[in-house]
Structures are given as C-alpha cells and as structure tokens.
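Chemist: give me coordinates for this.
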Amino acid sequence: MKELNKFGAFAAFYMAAAYLIGIIIFLVVLDYLNITDIDQKVTLLVEQRTMFFSTNLLMYVFFGVFLVVLSLALHERLSPAAPALTKVATTFGLIWAGSLIASGMISNAGIAPVAALHATDPEQAALTLITIETIATNGIGNGNGEILGGVWTLLISLAGLRTNKLHKALNFLGMFIGVVGIASVFPGLSDLAGLFGITQIIWFVGLGVTFLRAKE
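Modeler: Below you'll find the predicted structure:
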C-alpha cells in the first residue's frame, strides 16, 4: 500500500505538471489557439514538429499512462468503504486514459504525413490536419468537452466524501471540477474545458500531497 501511495503521488504531480507545461506551450510559446487559419496551423506544425510531438507525448500519451496509475492508487484507497462507486469511477478513469493515449498517438502519427504533403500539396496537407484534429484532438482526445475526465473526477470526489479518505475541501473542489467538465460538452459551453484543466491542476497537487502524507 505504501508503494502504491508513492506511485499515486508521483502520478498526480506529473499530471499537474503536464497540464501546466502544456498550457504554457500551447497558449504562450506556440499561441496555437489564436491561429484560426488552417494553412498557418500546418506551417507551424511543420516548423515546430519536434515540439508538437513532445507536447503530445507529455499531455496525452504519458498523461494517460500516469492516469492509469493514479486511478488504481485511488481505487485501492477508496474501494474498501465505497466499492461500487469506486469501481465505476475507476472504469471511467481507465477509459479516459485510453482515449488520451490514443489521441496522442494518432496526432503524432499524423505529423510526418502532414509535413510531407505540405511540401508537395499544401491543400491536401491542410485537409489532413483538419481530419486529424477532428478525430484525434476534438473527438478521441475530448477536445470538444471533458465528459470522461469530468465524470471520473466527480465520482472520485463523491467516493472521497463517503469514505473520508480524501480531504473534504479537495472533494468539494473535485465535485466542482467534475460538473464543469461534464458541462463543457454542451453547445456554447466548450470554453469551460479550459477552466476544467486549470482547476484540475490544483486538484492533482492536492491528491499528490494526500498520497505523500498517507501512513498506510
């Protein structure tokens, strides 16, 4: 159990750091969200392909791997007092992890073909990037709403309240984050996904501290 607490703490801290670094890269370094022209997006992808590849690994592939670890650590901590609720929460956590890993792998697999097409057929390169973003980023990667992460966070927080194995303030924060994530799937509320990510950084740090302080 102590070993799993250490793994859980490391996973939670990694996920918080990955969110933070990813936000800085996409919003500040690449300014990707403010680029609306698809041809400019393709050019940026080609020029910064290594950064895009690395960021996809950081925010999606490795994030998903550590999400599996954190989900199992939370399951071990919460399941004795709330077995059914924790089992459902863990299932959503594993599904979310799988979708993130798949999203990152598909996005990275598409970088080389888009770059190659850009040199010979820019229009086809743009169409290919649109397809990849629609399927990998917005679809599988939950870019159009954080339903999986929202449900997982909400259920974990409800289980935490029931078992008293997580700090009450952390549970209330998690419930808020979960509701925000679920709400982000509705039309006109997709911008809430940003709030979901930022507040979840705090939640992950709180989980990491909780695991570090656990005595058993």
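Chemist: where does this structure dip in pLDDT?
Modeler: Scanning the chain for pLDDT under 70 picks out 1-2, 215-216.
Chemist: buried sites along the helix or strand hosting S54?
Modeler: In the assignment (DSSP states H and E), S54 maps to helix 49-56. For helix 49-56, a neighbour-count test (16 or more other C-beta atoms under 10 Å) marks 52-53, 55-56 as buried. Quick note: C-beta positions are derived from backbone N, CA and C, even for glycine.
Chemist: surely R162 and P83 touch.
Modeler: No: taking contacts as C-beta atoms under 8 Å, R162 lies outside contact range of P83: 10.6 Å.
Chemist: can you pull the phi/psi pair for T36?
Modeler: As for T36, its main-chain torsions (degrees, to the nearest 10) stand at phi -100, psi -20.
Chemist: what's the burial count for it?
Modeler: By the measure other C-beta atoms under 10 Å, the count of residues near T36 is 7.
Chemist: same question for A81.
Modeler: 14.
Chemist: what's near enough to touch it?
Modeler: Counting by C-beta atoms under 8 Å, 6 or more residues apart in numbering, A81 makes contact with 162-165.
Chemist: could you do L170 as well?
Modeler: 157, 160, 203, 206-207, 210.
Chemist: need those residues in TSV (columns: neighbour count, secondary structure and distance to G8).
Modeler: Compiled in TSV, the contacts of L170 are given as follows (neighbours: other C-beta atoms under 10 Å; DSSP: H, G, I helix; E, B strand; the rest coil; distance: C-beta to C-beta, whole Å):
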residue	neighbour count	secondary structure	distance to G8
S157	23	helix	16
G160	28	helix	13
W203	22	helix	13
G206	19	helix	12
L207	28	helix	7
T210	20	helix	9
